[in-house]
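Colleague: Sequence and predicted structure are below.
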Amino acid sequence: MKTFNCKFKVTGPLSPATHADVHSLFKVGRHHKPLTITLSVNKVALPMELDTGSSSSFISESTYLSFFRYIPQQASNVTLKSYTGEFISFRGEINMFLEYADQSATLLLFVAQENGVTLLGRTWLEKIR
């Protein structure tokens, strides 16, 4: 394994089947208060932490149960890899209607197995400039 003088390790390529379903999710640290934005998600005012290092947007299972349990989840085969190298699996995914200012879109939201913050990743951010 070749290690560069940076915070990432090159461990070799993933197999094509694995690579298609693994996306990057990096969280460098908390030197500042996180940036949050409140979006209307299926008519619920949902505060989300803005994370440009995350490829996807997701909520915890407890947030799903509190606000969106009436929406059936679809099975998800997506796994995210955190900055520390841990894999994050999801219980499911749901299509959500997002509104912000004068913009709207129906986008995919992942439901994490673990409890944690609600993240607004790049896929949603690209739609609500």
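Modeller: Sure thing, it's come through.
Colleague: Just give me how far the host helix or strand of L109 sits from the chain centre.
Modeller: Counting by DSSP states H and E, the element that carries L109 is strand 103-112. Chain-centre distance of strand 103-112: 10 Å, with Cα atoms, centre = their mean, to the nearest Å.
Colleague: which parts of that strand are buried?
Modeller: L107, L108, L109, F110, V111, A112 (16 or more other Cβ atoms under 10 Å). Every residue, glycine included, has its C-beta placed from N, CA and C.
Colleague: Return the list of strands paired to that strand, each annotated with direction.
Modeller: strand 58-60 (parallel), strand 87-100 (antiparallel) (DSSP bridges).
Colleague: hmm, who's touching it?
Modeller: With contact meaning Cβ atoms under 8 Å, 6 or more residues apart in numbering, strand 103-112 is reached by 41, 56-61, 64, 73, 76, 78, 88-98, 123-124, 127-129.
Colleague: Now that strand: average pLDDT?
Modeller: For strand 103-112, mean pLDDT rounds to 95.
Colleague: End to end on stretch 110-126, go ahead and measure it.
Modeller: 17 Å (Cα to Cα, to the nearest Å).
Colleague: nope, stretch 63-77 is what I meant
Modeller: End to end - Cα to Cα - stretch 63-77 spans 20 Å.
Colleague: which of the residues in it are buried?
Modeller: Buried, per 16+ other Cβ under 10 Å, within stretch 63-77: T63, Y64, F67, F68, Q73, S76.
Colleague: Contacts for it, please.
Modeller: 21, 42, 44, 46, 59, 90-94, 96, 110-111, 118.
Colleague: Farthest pair within the residues you listed?
Modeller: For these, with distances taken as Cβ to Cβ, the pair at the greatest spread is D21 and V44 (28.3 Å).
Colleague: and the angle from the helix or strand hosting E49 to strand 87-100?
Modeller: In this structure, E49 sits in strand 44-50 according to DSSP H and E. Angle, strand 44-50 to strand 87-100, by axes from the mean of the first three to the mean of the last three Cα atoms, to 10 degrees: 120 degrees.
Colleague: Tell me the strands beside strand 44-50, with direction?
Modeller: strand 36-41 (antiparallel), strand 119-120 (parallel).
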